[in-house]
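In: what shape does this take:
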Amino acid sequence: MPAEDDVVVPGVPASEPPALEEPAAPREPLPPKPDQRGPEAVSPTGSPTGAPATARAQSGQYLTTAQGLRLQDTDHSLKAGARGPILLQDHHLREKITHFDHERIPERVVHARGAGAHGVFRSYGTASNVTRAGFLAADVETPVFVRFSTVLGSRGSADAVRDTRGFSTKFYTDEGTYDLVGNNIPVFFIQDGIKFPDVVHAAKPHPDREIPQAQSAHDTFWDFVSLHTEAQAHTMWNMSDRGIPRSYRTMEGFGVHTFRLVNADGDTTLVKFHWKPKQGVHSLVWEEAQIINGMDPDFHRRDLADAIEARAYPEWELGIQTFPDTEDQMFEGIDLLDPTKFVPEELAPVQPIGLMTLNANPTNYFAETEQVAFHPGHLVPGIDVTNDPLLQVRLFSYLDTQISRLGGPNLAQIPINRPQAPVNDMLRDGMHQTADHAGVAPYRPNSLDGGCPFLAGQDMGAFVDVPAAVAESVKERRNPASFDDHYSQARLFFRSLSAVEQDHVIQAYTFELGKCYESAVRERQLQALANIDAALCAAVAAGLGMPAPEASEQVADHHRSPALSQVGQTWPVAGRVVGIIADPSSDLSQVDVARKALDDEGIVPLVIAPTGGALSSDGLSVTVQRTFLTARSTEFDALLVAGGQHPAPDATAGRDAKAGEPAGAPDPRIALMLSEAYRHAKAIGFWGSGSAVLDAAGIPQAAVGVAAGDDAASVTSAVSELLAAHRAWERFPATGAAPDQAS
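Out: The predicted structure is shown next:
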């Protein structure tokens, strides 16, 4: 045995190495690892029982219910036919989901870390031909509350982690509350909601050590998705730049599922919902995100709150993709009930139907952002659900988990959850009842309360379930054959990216799989990548020092979808943040010109100086927002250099390790800030003495994305133009995976 095999390397996730293939021979559960031990097995009154500590652990070779009933399937809900609705009699589904919903008290099991804002939605009226929903009629304005979130982390985790983001909107319509509960990725990991506990258990920290926090770079996550290959499409989106948004303000939102709209004539249309940010879709680069999580773990929530406070109100257009409501519910070969599939915008354009503006921060985080309760079953007339098996389970799970988390069934009476429409629900009592109900007859029919409340007809705004036909079928646990394609959309997504974005995907897979301890897990995921794209697989395998396998499945090619790339377009710059580096020797009149020019474009200018307070010269004073100590490049979308030659008084390693050893001009932290901004392809502008600062920091003045000029006005204008593209993408020597791309 090689000597290095005797070295104990921490991180092994289980007590024995896993097999490459999914184990099939029944066996008892594995014992604990050598470094693990549970409490002694004593009675409730402290008396020794003599039983081993593992006696309390689960036992037996076969999966069972909590009552010990052996199960033959835990991947499919019980449906009325493969495409039918899920049946209430599915006792295993209800037990599994109910237990999962109650695993955390009181924090959300998923989406625990969030940020919220109030706003208004104004409808264009362009959806009136497909839905009778009143809030989508022309020029109707509806109050909204939006909660953005990460999925995996706890409330105390960092913002800029690689993760899916929640994007949920509560519309307080006069027909009742409507919740559009979505994500920033249009597909999901699983096809049937019965598997939601499994994917979350796999993605959450390892249960023995509660690490890693808010990350998917660990064995249990990749073990699950490499075995459960329907997760590959969502995983590909997560490994792209979409997994680390620049801001909630530059993040798309998707309803994920296919919904059914009903118009005034009773005609139905299938739709997918999209939120399109007016500032464009932009992301962080990986090193930038890592720095942010150390410097400012509240980066995204701070960015959202600061933008609203600065009146740079974030805006999104709500759009819909529409599809005929055919019996097979397919569109261009894509099963619309499969939540692991999206429909490329080139096949079904997104039609704008309204504009949402977030214009107010919460007064109290707990009362509003923490207690807000979303539910995909909060519908209004004109919007209905479909038989998507993930959506069907969410209709049960969301209400169940909110009852547990918010202390009872009266969660709708919490102020942030209260409908802004009359409520007469005949629901009484329960924990945290705050209404003072009158009357003696909370039942129907009654005469003692004068017959109130009365039933409404459709002409009075009642919700009417679409009388969709349920085909004659057999109760069964399976999916339709159209759900079996697990790779083609991951391939479509990857090959639609620009070369620089493909490089980021390669880096992400290499980093994440490099964090896995078990070689079998890495090898299994490489096999999935081989089925998606050979060049992608080869690049990741090279980074892992492993051989690249051949594809094991034939996967259909698709034309690229340009809408999937974040590179190559220009966008409004309002709401961006630009740092202006200055010192006492700077021409403050030019600094003031830059500040005002940026502000005129809706950009937030922040002056960075050696110390706090203000810079003053010749009767002009400029307030300082950041110092060389407190600023870091990651806070800014671009930098303007108007000074910074002279080190600040605290530019010593003893005061600030970022300063390193004093090396003269410029301040070492300014050199670090500029080198990071340059490395992250951000725009840099300079004038006057800024030229010497760039030279000292080693920044090529003629490089792409670097703007020079004789005055602040011209430089600021050039940087604003560069900002419209988000980054100077040409600065990256991108290679991508071009040899294997489809045309």
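In: which ones are touching the closest residue to Asp179 other than its chain neighbours?
Out: In space, and not counting its chain neighbours, Asp179 is closest to His378: 4.1 Å by C-beta to C-beta, 6 or more residues apart in numbering. Quick note: C-beta positions are derived from backbone N, CA and C, even for glycine. Contacts of His378 were listed using C-beta atoms under 8 Å, 6 or more residues apart in numbering, and they are 170, 176-179.
In: for His378, helix, strand, or coil?
Out: Using DSSP: H, G, I helix; E, B strand; the rest coil, the structure places His378 in coil.
In: reformat the contacts of His378 as CSV; add pLDDT and neighbour count.
Out: Below are the contacts of His378 laid out as CSV (pLDDT from 0 to 100; neighbours: other C-beta atoms under 10 Å):
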residue, pLDDT, neighbour count
Lys170, 96, 25
Gly176, 90, 20
Thr177, 92, 21
Tyr178, 95, 23
Asp179, 97, 21
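In: re earlier: the residue nearest to Asp179 and Arg394, how far apart?
Out: Using C-beta to C-beta, to the nearest Å, one gets 12 Å for the distance from His378 to Arg394.
In: tell me the confidence at the residue nearest to Asp179?
Out: We note a pLDDT of 92 for His378 in this prediction.
In: for it, give its distance to Gln215.
Out: His378 sits 32 Å away from Gln215, taking C-beta to C-beta as the criterion.
In: same check on Asn446?
Out: Distance, Asn446 to Gln215, by C-beta to C-beta: 56 Å.
In: same check on Trp571?
Out: Trp571 is 30 Å from Gln215, by C-beta to C-beta.
In: and if you look at Val466?
Out: Separation of Val466 from Gln215 (C-beta to C-beta): 41 Å.
In: the two: which has the busier surroundings?
Out: Gln215 (20 against 13; other C-beta atoms under 10 Å).
In: show me what contacts the more buried one?
Out: So Gln215 contacts 152, 161-163, 515 (C-beta under 8 Å, 6+ apart).
In: same check, this time on Asp208
Out: Applying C-beta under 8 Å, 6+ apart, the residues near Asp208 are 33, 36.
In: what does the pLDDT read for it?
Out: 91.
In: and if you look at the one 5 residues further on?
Out: In the prediction, the pLDDT value recorded for Gln213 is 94.
In: number the residues from 8 up from this point.
Out: Noted, 8 is the first residue going forward, which turns the last one into Gln220.
In: gap between it and Pro304?
Out: Counting by C-beta to C-beta - Gln220 and Pro304 are separated by 11 Å.
In: mutual contacts of those two, please.
Out: Ser164.
In: neighbour count: the two, which is higher?
Out: Between Gln220 and Pro304, counted using other C-beta under 10 Å, Pro304 has the larger neighbour count: 19 against 14.
In: quick one: the more buried one and Asp166 touch, right?
Out: Yes - at 6.1 Å, Pro304 and Asp166 qualify as touching, with contact defined as C-beta atoms under 8 Å.
In: can you confirm Leu646 is in a strand?
Out: Yes - when three-state DSSP is applied, Leu646 is found to be in a strand.
In: number of residues surrounding it?
Out: With other C-beta under 10 Å as criterion, Leu646 counts 27.
In: that one touches Val585, doesn't it?
Out: Yes - using C-beta under 8 Å, Leu646 is in contact with Val585, at 7.1 Å.
In: intersection of neighbour lists for these two?
Out: Contact with both Leu646 and Val585 is made by no residue, according to C-beta under 8 Å, 6+ apart.
In: okay, now the unreliable bits of the chain?
Out: The chain contains residues with pLDDT under 70 at 8-17, 42, 44-45, 47-53, 111-112, 666-672, 745-750.
In: ok, now which ones touch Gly287?
Out: If a contact means C-beta under 8 Å, 6+ apart, then Gly287 has 257, 573, 576, 578-579, 733 as its contacts.
In: could you dump those into TSV and include secondary structure and neighbour count?
Out: Listed next are those as TSV, based on DSSP: H, G, I helix; E, B strand; the rest coil; neighbours: other C-beta atoms under 10 Å:
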residue	secondary structure	neighbour count
Thr257	helix	22
Gln573	coil	25
Gln576	coil	12
Trp578	coil	18
Pro579	coil	15
His733	coil	25
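In: for those, which two are the farthest from each other?
Out: Farthest-apart pair in these is Gln573 and Pro579; separation 15.1 Å (C-beta to C-beta).
In: strands of the stretch 258-407 of the chain, start to end?
Out: 260-261, 266-269, 275-284, 322-331, 337-338, 341-342, 358-367, 390-391 (DSSP state E, counting those that start in this stretch).
In: err, the stretch 608-750 of the chain, not the other one
Out: Using DSSP E, counting those that start in this stretch, strands in the stretch 608-750 of the chain cover 611-616, 621-624, 627-630, 633-634, 645-648, 690-693, 713-715.
In: which of those strands sits closest to Glu557?
Out: Smallest distance to Glu557 across the strands of the stretch 608-750 of the chain (C-beta to C-beta): 43.6 Å, for strand 690-693.
In: and the helices in the stretch 58-207 of the chain, which stretches?
Out: 98-108, 203-210 (DSSP state H, counting those that start in this stretch).
In: would you mark the buried spots in the longest one?
Out: Looking back up the chat, that one is helix 98-108. Residues of helix 98-108 classed as buried by neighbour count (16 or more other C-beta atoms under 10 Å): 99-101, 103-104, 107-108.
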